[in-house]
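Peer 1: here are the coordinates; sequence isn't available:
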């Protein structure tokens, strides 16, 4: 905007709401529309079937993003990106056998209860017994989530889930 000649301070001062903004009495859109965010963190991997079930019918989430681990795909972090009804899982950072990366997701929504991600997603995490089975066993479980375009076993899918 600097030195472009496109900003007119006289015209801007005549714009509706100008004095209100300067007085600091503006209500942020987040408050006006009830938009809030919360962060979900977990140290365990997700069971793919239970994760898909946890996402079913979850309303009020406008956007979510972050990374997680899916037990049937233990060699990489899953990059989680959701906008509206479309959720995409893509392969992220490759992990070694001793990596302890966990899940960190941010949820943004209207009237979002900050406890809702835990209520929905905690039951989708591996149990102690499942965790003890190990990665070789996890890879054999049915996985209803869309595959990744570059999966090690050669399946090609688009990685999209409709939520």
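Peer 2: Perfect, I can see it now. Everything numeric here is computed off the predicted structure, so don't read it as measured data.
Peer 1: Show me where the protein dips below the pLDDT cut-off.
Peer 2: Residue ranges of the chain with pLDDT under 70: 1-3, 18-22, 24, 28, 30, 149-163.
Peer 1: Tell me where it has helices.
Peer 2: Remark: helices assigned in the chain by DSSP state H are 9-13, 18-23, 29-32, 48-55, 116-121, 128-133, 135-138.
Peer 1: Identify the residues contacting the fourth one?
Peer 2: Among residues not part of helix 48-55, those counted as contacts by C-beta atoms under 8 Å, 6 or more residues apart in numbering are 70-72, 87, 120-121, 123-124, 141-145, 161, 163. All C-beta atoms are positioned from the backbone trio N, CA, C, and that covers glycine.
Peer 1: can you pull the buried residues of stretch 104-121?
Peer 2: In terms of neighbour count (16 or more other C-beta atoms under 10 Å), stretch 104-121 has its buried residues at 105, 107, 108, 109, 112, 116, 117, 120, 121.
Peer 1: what about that stretch, start to end distance?
Peer 2: 12 Å (C-alpha to C-alpha, to the nearest Å).
Peer 1: And the contacts of it?
Peer 2: For stretch 104-121, contacts defined as C-beta under 8 Å, 6+ apart pick out 33-42, 46, 51, 54-55, 58, 60-68, 80.
Peer 1: quick one: contacts for residue 93?
Peer 2: With contact set as C-beta under 8 Å, 6+ apart, residue 93 has these partners: 67, 76, 77, 101.
Peer 1: Just want the phi and psi numbers for residue 33.
Peer 2: Residue 33 adopts backbone torsions of phi -110, psi 10, taken as degrees, to the nearest 10.
Peer 1: Check the spacing between residue 5 and residue 11 real quick.
Peer 2: 12 Å (C-beta to C-beta, to the nearest Å).
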